[in-house]
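In: From the sequence below, what's the structure:
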Amino acid sequence: MKLAPVLLVCALAASASANVWERALDEKATVTRERYEQALATGDTLAQRANARGLSRTTGIQLVDRAIAAYMEAGKLRKDQGEPYFRIASVLEIFFIDCDDTYRFGTSAPPVTCPPAGTPVDPARMKQTLDAWDQFEARAQLDPRLADALFQRAILRTKLVDGSKASQKHLEGAAADYRAILDRADGMTAAGLDGVWGNLAETYMMLGNLEEAIDAYRTALRMGAGSSTALGLAVALDRDENGPAALDIVRRISRTELLDFQNAFVNKRVFFVPEGEEYYYFALIYEAAGADEMAIMGWQRFLASGAHPQYQPRAKQHLDALQAKVRTKPASRRPAFDPFDGYP
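Out: As a prediction, the model looks like this:
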């Protein structure tokens with residue numbers, strides 16, 4: 001079939017018009033990609049500058065915020081991309097939150113942006129990081145880095161636990177993140193999962209779900225988790241009114257492992273939330289060792305901290321029993337052995 005001359009001209013014109021629009025769209029897409037890549041590169045450069053030695057803290061923070069602004073611009077240019085938000089979250093963690101993890105930048109000292117020693121991390125920065133991880137997850141379901149992102153987000157949620165009404169929501173979110181990692185865990189080794197199971201167990205215990213916590217602790221131990229996980233299981237069993245089993249677990253942990261646990265706590269390789277939770281662990285360790293006076297001190301400190309109100313009555317039971325024991329049997333003041341060189 002042949003086109004009439006007028007129809008042929010119209011067809012050619014339409015084709016030419018379509019080609020013009022396609023070229024225009026391609027050119028626009030190319031410009032957008034270039035601007036996107038440039039924004040990411042600008043953010044990277046500013047983040048590197050913020051890590052330079054000799055900067056003032058104020059200057060470092062300004063550079064980080066400019067880096068975040070550059071990444072945000074990249075996110076606006078390509079709204080479907082998760083990469084800008086991955087970099088935002090990573091930069092925030094490096095410069096404000098995970099200040100003990102200096103290996104992330106290969107440096108011997110934390111960035112100048114880190115909070116001064118003894119100063120807590122700004123909750124606003126933690127929430128800013130959570131938002132970035134949320135944005136990354138929403139755009140990057142198939143990204144292989146999502147499992148690591150979920151783990152980092154779960155840890156961050158736990159750090160936000162402070163006993164407020166929002167704490168329950170943060171803990172439930174952390175548990176959901178750990179379960180999501182396990183759901184995605186096809187092909188992961190047991191060594192890569194024992195920490196996830198252990199952290200999930202800790203989260204369940206903070207939520208008051210002791211049965212689930214005990215099951216998760218035991219799964220982590222079957223996968224090769226260490227003494228800190230065994231101590232977590234002991235605490236969960238004790239809080240579940242199974243004190244003899246809890247003390248038996250602690251007594252089977254070697255003194256070397258207990259010292260390693262203490263060192264990990266002192267050097268912030270393990271942390272407890274809310275503040276004061278650590279005293280329950282150390283009190284149970286001393287009680288298992290027969291160091292009654294040290295155990296009493298631990299139970300008193302846990303009670304004074306107000307940590308985990310649902311477990312305060314159980315701690316009070318320990319304290320009352322030990323104080324009665326010391327009153328009636330003064331010789332029990334002398335411990336069978338002291339598992340630590342000094343109380344933390």
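In: Show me what counts as buried in the host helix or strand of Lys316.
Out: Element membership for Lys316, per DSSP states H and E: helix 312-328. Within helix 312-328, the residues that count as buried by 16 or more other C-beta atoms under 10 Å are Arg314, Ala315, His318, Leu319, Leu322, Val326. Heads up, the C-betas are built off the backbone N, CA and C, glycines and all.
In: ok, now stretch 183-202?
Out: Residues Leu193, Asp194, Gly195, Val196, Trp197, Gly198, Asn199, Leu200, Ala201, Glu202 are the ones in stretch 183-202 that count as buried (16+ other C-beta under 10 Å).
In: same thing with stretch 42-50?
Out: So for stretch 42-50, counting by 16+ other C-beta under 10 Å, buried means Thr42, Gly43, Leu46, Ala47, Ala50.
In: quick one: secondary structure of the fourth one?
Out: Per DSSP: H, G, I helix; E, B strand; the rest coil, the local secondary structure of Ala47 is helix.
In: Please list all residues in contact with it.
Out: The contact partners of Ala47, taken as C-beta atoms under 8 Å, 6 or more residues apart in numbering, are Leu63, Val64, Ala67, Arg87, Val91, Phe95.
In: Surely the second one and Thr113 touch.
Out: I take that to be Val64. Yes - shown here, Val64 and Thr113 form a contact pair, counting by C-beta atoms under 8 Å, at 5.8 Å.
In: any shared contact partners between those two?
Out: Common neighbours of Val64 and Thr113 (criterion: C-beta under 8 Å, 6+ apart): Ala50, Phe95, Phe96.
In: just checking, which of the residues you listed belong to helices?
Out: When DSSP state H is applied, the shared contacts of Val64 and Thr113 are split such that Ala50 fall in helices.
In: got the shared contacts of Val64 and Thr113 as JSON lines, with distance to Glu172 columns?
Out: Formatted as JSON lines, the shared contacts of Val64 and Thr113 follow (distance: C-beta to C-beta, whole Å):
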{"residue": "Ala50", "distance to Glu172": "34"}
{"residue": "Phe95", "distance to Glu172": "28"}
{"residue": "Phe96", "distance to Glu172": "24"}
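In: and which of the shared contacts of Val64 and Thr113 is nearest Ser228?
Out: Closest to Ser228 out of the shared contacts of Val64 and Thr113 is Phe96 (25.9 Å), distances taken as C-beta to C-beta.
In: from the buried residues of helix 312-328, which is closest to Gly54?
Out: Nearest to Gly54, judged by C-beta to C-beta, of the buried residues of helix 312-328 is Ala315 at 48.2 Å.
In: Ala89 versus the closest one, what's the distance?
Out: Ala315 is 37 Å from Ala89, where distance means C-beta to C-beta, to the nearest Å.
In: repeat for Thr158
Out: Distance, Thr158 to Ala89, using C-beta to C-beta: 16 Å.
In: So these two - more neighbours on which side?
Out: Neighbour comparison, Thr158 and Ala89: the larger count goes to Ala89, with 26 against 22 (by other C-beta atoms under 10 Å).
In: Just the CA trace of the helix or strand containing the more buried one, in PDB.
Out: Using DSSP H and E, Ala89 sits in helix 83-92. Extracted in PDB, the C-alpha atoms of helix 83-92 (Å, rounded to 0.1, in the frame of the first residue of the first chain):
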ATOM      1  CA  GLU A  83      23.200   5.500  46.500                       C
ATOM      2  CA  PRO A  84      23.000   9.100  47.800                       C
ATOM      3  CA  TYR A  85      21.200   7.900  50.900                       C
ATOM      4  CA  PHE A  86      23.700   5.100  51.500                       C
ATOM      5  CA  ARG A  87      26.500   7.600  51.400                       C
ATOM      6  CA  ILE A  88      24.600  10.000  53.700                       C
ATOM      7  CA  ALA A  89      24.000   7.300  56.300                       C
ATOM      8  CA  SER A  90      27.600   6.100  56.100                       C
ATOM      9  CA  VAL A  91      29.100   9.600  56.500                       C
ATOM     10  CA  LEU A  92      26.800  10.300  59.500                       C
END
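In: Identify each buried residue in that helix, please.
Out: Quick answer for helix 83-92 (16+ other C-beta under 10 Å): Glu83, Pro84, Tyr85, Phe86, Arg87, Ile88, Ala89, Ser90, Val91, Leu92.
In: and if you look at stretch 91-100?
Out: Buried residues in stretch 91-100, counting neighbours by 16+ other C-beta under 10 Å, are found at Val91, Leu92, Glu93, Ile94, Phe95, Phe96, Ile97, Asp98, Cys99.
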